[in-house]
Structure formats: structure tokens, C-alpha cells
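# dropping a prediction and its sequence here:
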Amino acid sequence: MKFIIVLLLPVFVCADHLSKYDVFELFYQDGGQATFEEVTGWWAGRCFKKDAPDKPLAFVLVAANVDGQNHMAIAGHMEDNEVQNRYDNMTDEDRAMFKSFERSGEFLSSEISSRDNALYSNIDLGVHAIKKYGGQFVALMLHSTNRDYDYRCHFFKKVN
């Protein structure tokens, strides 16, 4: 009787050749379900646009219950987004901007759902999807009509 021994070796993805966008896409795909309670508050992080996959942009994950309704969105001040750690230590001006955003019609119109192991928020013409990966949250931001609006994000520091 002959025995055949088959060795199954794990396949590892070498991150040296992957962009940050690609890395956070993989983290998102492997991420687990986050609850709304876990993401409630403001979380500073970075997003990477598909057509600039290694350029970090400052964004904040905002999740709040307003008048008994859960709302969630990824937000930032696009004109001033060049400083990647802008929201890691919020200024009074930043806090006022996000407080105002929490009261905006755009934020309050967001609809939260949970499917495919993610929290989804439909906001304006886009979708923001959040998963938990390790000690951080990973996300995707997509726009339904604008193909250039395609980001992968991670949020790692609670700032409010």
C-alpha cells in the first residue's frame, strides 16, 4: 500500500506590493460584524481613494442616535484634507463642524441596515459600509453614480 502525503501550505499575500487601498479592501473582506453601539461616537481615521491608493486622507466615522434613530456616515472637510492626522486631535473648529454635521439633513437622512456582515448607511447617493477588523473599523465608501468616488478606510481612534 502506498501513501501519498500532501502538504497544504498557507498562501500569504505579500503586502509589499499592495497599495493601502488594497490592504484595507482585504481587511474589509475579512472583517466581522460591528454593532452600532460599538461605532457610536466619532472615530478618526484615514481613507484611500482608488485612483490615489497610497495617499492617506483624514476622515471621521460619525455614528449617533438622534431622536431615537440611528445614523452613521463617514465625513471630512475635503478642501482641507491634505493633513492626514487632522482629526486625530480635534480642534474646537473641527468639533463644531462635526456637531453641525450631526444636525444636518444629509446625516439625519442616512438609513442604517445590517447585512453581509457589515453595517450599512445609505447617505445621499452613496453607501458607507463598516466592519470590525481587530481593534479598528474598516470601511468602504461608494457613490452610486460617480465611479471616481471609491474609498477604503480604517478608523482607529475615538475622538468623541
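Thanks, I have it.
# so where's the protein shaky on pLDDT?
Counting by pLDDT under 70, the chain has low-confidence residues at 1-16, 77-82, 125, 144-148.
# for the residue nearest to Ser113 when sequence neighbours are not counted, what are its contacts?
Nearest non-adjacent residue to Ser113, counting by C-beta to C-beta, 6 or more residues apart in numbering: Tyr120, 4.8 Å away. All C-beta atoms are positioned from the backbone trio N, CA, C, and that covers glycine. Neighbouring residues of Tyr120 by C-beta atoms under 8 Å, 6 or more residues apart in numbering: Ile112, Ser113, Ser114, Val127, His128, Ala129, Ile130.
# can we see that at 7 Å?
Ser113, Val127, Ala129 (C-beta atoms under 7 Å, 6 or more residues apart in numbering).
# most neighbours, which of these?
Neighbour counts for the contacts of Tyr120, by other C-beta atoms under 10 Å, peak at Ala129, which reaches 24 neighbours.
# Val60 against Ala73, yeah?
No. Val60 is not in contact with Ala73 according to C-beta atoms under 7 Å; the separation is 9.1 Å.
# now the strands for the protein?
For the chain, applying DSSP state E gives strands covering 41-49, 52-66, 69-75, 111-115, 118-123, 126-133, 136-143, 150-158.
# any idea how far the residue nearest the centre of the chain is from Ala75?
Centroid-nearest residue in the chain: Ala139, 2.7 Å away (criterion: C-alpha atoms, centre = their mean). Distance from Ala139 to Ala75, counting by C-beta to C-beta, to the nearest Å: 12 Å.
# what's the closest non-adjacent residue to the residue nearest to the centre of the chain?
In space, Ala139 comes closest to Cys153 once its chain neighbours are excluded; the distance is 4.3 Å by C-beta to C-beta, 6+ apart.
# also Ile74?
Using C-beta to C-beta, 6+ apart, the nearest residue to Ile74 is His128, at 4.9 Å.
# follow-up on the earlier one: distance of the residue nearest to Ser113 from Gly126?
Taking C-beta to C-beta as the measure, Tyr120 falls 11 Å from Gly126.
# equivalent analysis for Cys47, please.
According to C-beta to C-beta, Cys47 stands 13 Å off from Gly126.
# ok, now Val83?
Going from Val83 to Gly126 by C-beta to C-beta gives 24 Å.
# do the same with Glu38
From Glu38 across to Gly126, the span is 22 Å (C-beta to C-beta).
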